[in-house]
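Visitor: Following is a predicted model, sequence given first.
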Amino acid sequence: MSKVQYHADVESRARAKFLEDNSLTKEDLEKLEEGSGIAPLPLLWKFRLGYNLVELEQVPLLTTRMRQLHQWYKSQKGAMFGARYKQEHFHKGEGILWVKFEYLYEFYQKSSVDVHILALWCL
């Protein structure tokens, strides 16, 4: 078995386990990967760079890591951040996944799930 076949087999088994663990069909997963078929929840307010990701009263209620990430976000000046990934994360070599802070806001609001959020979550 070649390396390519081996990695394809590993990825196939990982996808099957993900589908089983989350009670999803292959069609559901394809929709997630395409970013379609996901009904977003209404957001509390429109995202604005540098402003809180959650209501001020909710910040102390966040888990420690989410609160630290929120504080780090508040200190940033750019519109995106990079998350490094390795070969074993996506089986496509090493690289950087650029994520808009707006997606982080949506994640904190637990609203529309985007492929970037899923990818970041998997890291």
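Guide: Sure thing, it's come through.
Visitor: Report the residue spans of this structure with pLDDT below the cut-off.
Guide: Along the chain, the parts satisfying pLDDT under 70 run over 1, 4, 7, 35-43, 111-123.
Visitor: domain parsing for it?
Guide: Split into domains by automatic domain parsing, the chain comes to 1-37, 40-122.
Visitor: And the first one, what's buried?
Guide: Buried residues in domain 1-37, counting neighbours by 16 or more other Cβ atoms under 10 Å, are found at residue 32. All C-beta spots, glycine's among them, are computed from the backbone N, C-alpha and C.
Visitor: what does stretch 46-57 give?
Guide: 47, 53, 54.
Visitor: again, but for stretch 71-78
Guide: If you call a residue buried by 16+ other Cβ under 10 Å, then stretch 71-78 has these buried ones: residue 73.
Visitor: ok, residues contacting that stretch?
Guide: 50, 52, 53, 101, 104 (Cβ atoms under 8 Å, 6 or more residues apart in numbering).
Visitor: switch to 7 Å and redo it
Guide: Here stretch 71-78 makes contact (Cβ atoms under 7 Å, 6 or more residues apart in numbering) with 50, 53, 101, 104.
Visitor: Which stretches in this structure count as strands?
Guide: 80-85, 95-100 (DSSP state E).
Visitor: Describe which strands the first one pairs with in its sheet and in which direction.
Guide: Neighbouring strands of strand 80-85 in its sheet, by DSSP bridges, are strand 95-100 (antiparallel).
Visitor: In contact with the closest residue to residue 84 other than its chain neighbours, which residues?
Guide: Nearest residue to residue 84 in three dimensions, chain neighbours excluded: residue 96, at 5.5 Å (Cβ to Cβ, 6 or more residues apart in numbering). Counting by Cβ under 7 Å, 6+ apart, residue 96 touches 82, 83, 84.
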